[in-house]
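Asker: the following block contains a protein sequence and its predicted model.
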Amino acid sequence: MALDEIKISRAIIERYFQKLNNYLEMDVAIVGAGPSGLMAAYKLAREGFKVAVFERRMSIGGGIWGGGMMFNEVVVQEEGARLLREIGVRFEPWNDGEYYTADSVELACVLGARALQAGAKIFNLIMVEDVMVREGRVVGLVLNWTAVEGAGLHVDPLAVRAKYVVEATGHETAVLQVMQRKLGAKLATETGTIMGEKSMWAEVAESLTVDYTREVYPGVFVAGMAANATFGAYRMGPIFGGMLLSGERVASLIAERLRQG
Ligand code: 48F
């Protein structure tokens, strides 16, 4: 069959708009396709919920690829290894099983593939620039192309509705930052504001990531490094178990809410 450039173009345009149109309303909108966001997407999609991830960059995986200081290996602890096993990422014990290591490129690829194949949709090259709030609850996200922002163009955004939003933008806490700036949103932290992350302390930071994975504003749950940054906890560096466990936890908290209706 002859290859027709216009048909190729039409196929892409039709399919993309079908996909986007289908995700104007969803159960869970996840902001950021790092380890916590992707794990949350995988777990929620597997439970049958309608989930999309919005990622500002072209590539998914966030901080996974670079391992530690561009050495493309990551470390996980026993609990994290359970999740690597579940998604099919190969890992090796280090120092008689004190820690485990995995190839960071394999983790980024496999985790992304699992999320997609479980049914989550990933919209890359799109950034979340704002939220929609009704009666004191976040009910949706305001989106624009990352390229629009980069080029400094004055282009109005579009919006999607979601029953729940996951703030998984890592160190940046981009969603909460905009909520704080524009709405003066009072967050469920000690100060009512984003408290900012502290310096590195892996041991404490890893458990706090999971503890602080929670609803921080009606309709918005925070996960991964964003949880530490929001609640004023330490950073952990290139140990990734906490990120994966936080993604699992946020998925289970939201699934419980969605089931309650
Ligand atoms: O930073 P990131 O990997 O988040 P995470 O899941 O994992 C943190 C670790 O990578 C690492 C660490 C090790 O344990 O601490 O830093 O908490 O991924 C966050 C993603 O969010 C995207 C960003 O491009 C990245 O891929 N992002 C940031 N702001 C926006 C966004 C935005 N406004 N809209 C859409 N995506």
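Answerer: Nice, I can see it. Residues are numbered from 1 along each chain as shown.
Asker: which bits of the stretch 51-200 of the chain sit near the ligand?
Answerer: Within the stretch 51-200 of the chain, the positions near the ligand by Cβ under 6 Å from any ligand atom are 54-57, 62-64, 127-128, 168-170, 172, 174. The C-beta positions use only the backbone N, C-alpha and C, and glycine is treated the same way.
Asker: with neighbour count, pLDDT and secondary structure added, can I get those in TSV?
Answerer: Output for these, formatted as TSV (neighbours: other Cβ atoms under 10 Å; pLDDT from 0 to 100; DSSP: H, G, I helix; E, B strand; the rest coil):
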residue	neighbour count	pLDDT	secondary structure
F54	25	99	strand
E55	27	99	strand
R56	22	98	coil
R57	14	98	coil
G62	25	98	coil
G63	18	98	coil
I64	26	98	coil
M127	23	98	strand
V128	24	98	strand
A168	35	99	coil
T169	30	98	coil
G170	23	98	helix
E172	14	97	helix
A174	19	98	helix
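Asker: quick one, helices of the chain?
Answerer: 5-22, 35-46, 78-87, 104-117, 146-151, 174-183, 202-211, 225-231, 241-260 (DSSP state H).
Asker: what residues of the fifth one count as buried?
Answerer: When neighbours are counted by 16 or more other Cβ atoms under 10 Å, the buried residues of helix 146-151 are found to be T146, V148.
Asker: again with stretch 47-54
Answerer: Of the residues in stretch 47-54, those buried (16+ other Cβ under 10 Å) are E47, F49, K50, V51, A52, V53, F54.
Asker: how near is the residue lying closest to A229 once chain neighbours are set aside to T230?
Answerer: Sequence neighbours aside, E197 is the residue nearest to A229 in space, at 4.2 Å (criterion: Cβ to Cβ, 6 or more residues apart in numbering). The gap separating E197 from T230 is 9 Å, by Cβ to Cβ, to the nearest Å.
Asker: swap in E106?
Answerer: 30 Å.
Asker: more neighbours, those two?
Answerer: T230 (26 against 18; other Cβ atoms under 10 Å).
Asker: name the nearest residue to the spatially most central residue of the chain, ignoring sequence neighbours.
Answerer: Most central in the chain under Cα atoms, centre = their mean is G37, positioned 2.3 Å from the mean C-alpha point. Using Cβ to Cβ, 6+ apart and skipping the chain neighbours, the partner closest in space to G37 is A168 (3.5 Å).
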